[in-house]
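A.B. asks: Fold the following for me, if possible:
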Amino acid sequence: MANGLTGPAQAFGQPLFVSSATPQMALGTEARTSDGRHFRYALCGSTATVAGSLYATAAELTNHDHLTPAVAAIGATAISVTLGATAVTANQYAGGLLVVDSAPGEGYSYFIVSHPAADLSTACVFTIEAPGLIVAITASSEVTLTPNPYSKVIIVPATTKTGAVVGVATYIITASEYGWLQTKGQCGVLCAGTIAVGAAAVSPSGTAGAVVTDPADASVTIVGYALVAGASGEVNQVLLNLT
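C.D. replies: Sure, this is the predicted structure:
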């Protein structure tokens, strides 16, 4: 169960440097090597990965932000949500989160188990994991649908961010197949220009998938990257990147 806390898994059905047409474990599963590198299990988007390049979450679908749900009581696991002007395919958000971003229920995030396909601007029922809603929601609530960050990853654009950086491809993962992205530890990454020893490596860089140097700011601590466009005064999803 996604809500069950556990430590890092110790054995994996898919090793590094292998691309698989079928998933061997849950998206986002973390693996570590004995030398301290960390990896996350990911689904490649429609273009094969490039080794040594940065990858990011799929571009945000703004028509699936701040949606109106039907009234649902505490413990409900079937949540009906009226979509915006973009349809959904079956289980497009499975493995992601249904986030309540306006009260009642603001601040709670629920793991999405499954959902059917639905046309734009129609109601779609999202099944969330037990124990279901912790706080009842009403027609005054708003919810945002966020896919698993490691689903259909894309190369980081050259200039304009469309999502949060999730890792580096250390080998070729075939388009629409599953494999490993490196998230921490020593890693070869494409650079756009010279980066001095000890300087911060940042993105975007002007070159797709690359990093560039940037002066360090000791007053700033990067805690993560926004998964959706942030709205002032509302709860928004951030992909944390803390040691």
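A.B. asks: Stretch 196-213 - what's its average pLDDT?
C.D. replies: Mean pLDDT, stretch 196-213: 82.
A.B. asks: how much space between the most centrally placed residue in the chain and H38?
C.D. replies: What sits nearest the mean C-alpha location of the chain, by CA atoms, centre = their mean, is P149, with 1.2 Å. Distance of P149 to H38, given as CB to CB, to the nearest Å: 14 Å. The C-beta positions use only the backbone N, C-alpha and C, and glycine is treated the same way.
A.B. asks: T49 now?
C.D. replies: Remark: distance between T49 and H38 (CB to CB) = 17 Å.
A.B. asks: Likewise for I195?
C.D. replies: Going from I195 to H38 by CB to CB gives 21 Å.
A.B. asks: what about the helices in the chain?
C.D. replies: Here the chain has no helices by DSSP state H.
A.B. asks: Tell me how this protein divides into domains.
C.D. replies: Domain segmentation of the chain under automatic domain parsing yields 10-58+148-243, 62-146.
A.B. asks: among those, where is the model least confident on average?
C.D. replies: Among these, domain 10-58+148-243 scores lowest, at a mean of 84.
A.B. asks: send the alpha carbons of stretch 35-47 over as PDB?
C.D. replies: C-alpha atoms of stretch 35-47 as PDB (Å, rounded to 0.1, in the frame of the first residue of the first chain):
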ATOM      1  CA  ASP A  35      28.900   3.700  -3.300                       C
ATOM      2  CA  GLY A  36      26.000   6.000  -2.300                       C
ATOM      3  CA  ARG A  37      24.200   6.700  -5.500                       C
ATOM      4  CA  HIS A  38      20.400   6.900  -5.400                       C
ATOM      5  CA  PHE A  39      18.000   6.000  -8.300                       C
ATOM      6  CA  ARG A  40      14.200   6.200  -8.900                       C
ATOM      7  CA  TYR A  41      12.200   3.900 -11.100                       C
ATOM      8  CA  ALA A  42      10.600   5.900 -13.900                       C
ATOM      9  CA  LEU A  43       8.500   5.600 -17.100                       C
ATOM     10  CA  CYS A  44      10.000   7.300 -20.100                       C
ATOM     11  CA  GLY A  45       7.900   9.700 -22.200                       C
ATOM     12  CA  SER A  46       7.400   9.400 -25.900                       C
ATOM     13  CA  THR A  47      11.100  10.000 -26.700                       C
END
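A.B. asks: Make residue 1 into 24 and carry on from there
C.D. replies: Let's use 24 as the start, then, which means that last one is stretch 58-70.
A.B. asks: any idea how far that stretch is from the chain center?
C.D. replies: Centroid separation for stretch 58-70 versus its chain: 12 Å, with CA atoms, centre = their mean, to the nearest Å.
A.B. asks: do stretch 78-89 as well
C.D. replies: Averaging C-alpha positions (CA atoms, centre = their mean) puts stretch 78-89 9 Å from its chain's average.
A.B. asks: That one spans what distance, first to last residue?
C.D. replies: With CA to CA, to the nearest Å applied, stretch 78-89 spans 26 Å between its terminal residues.
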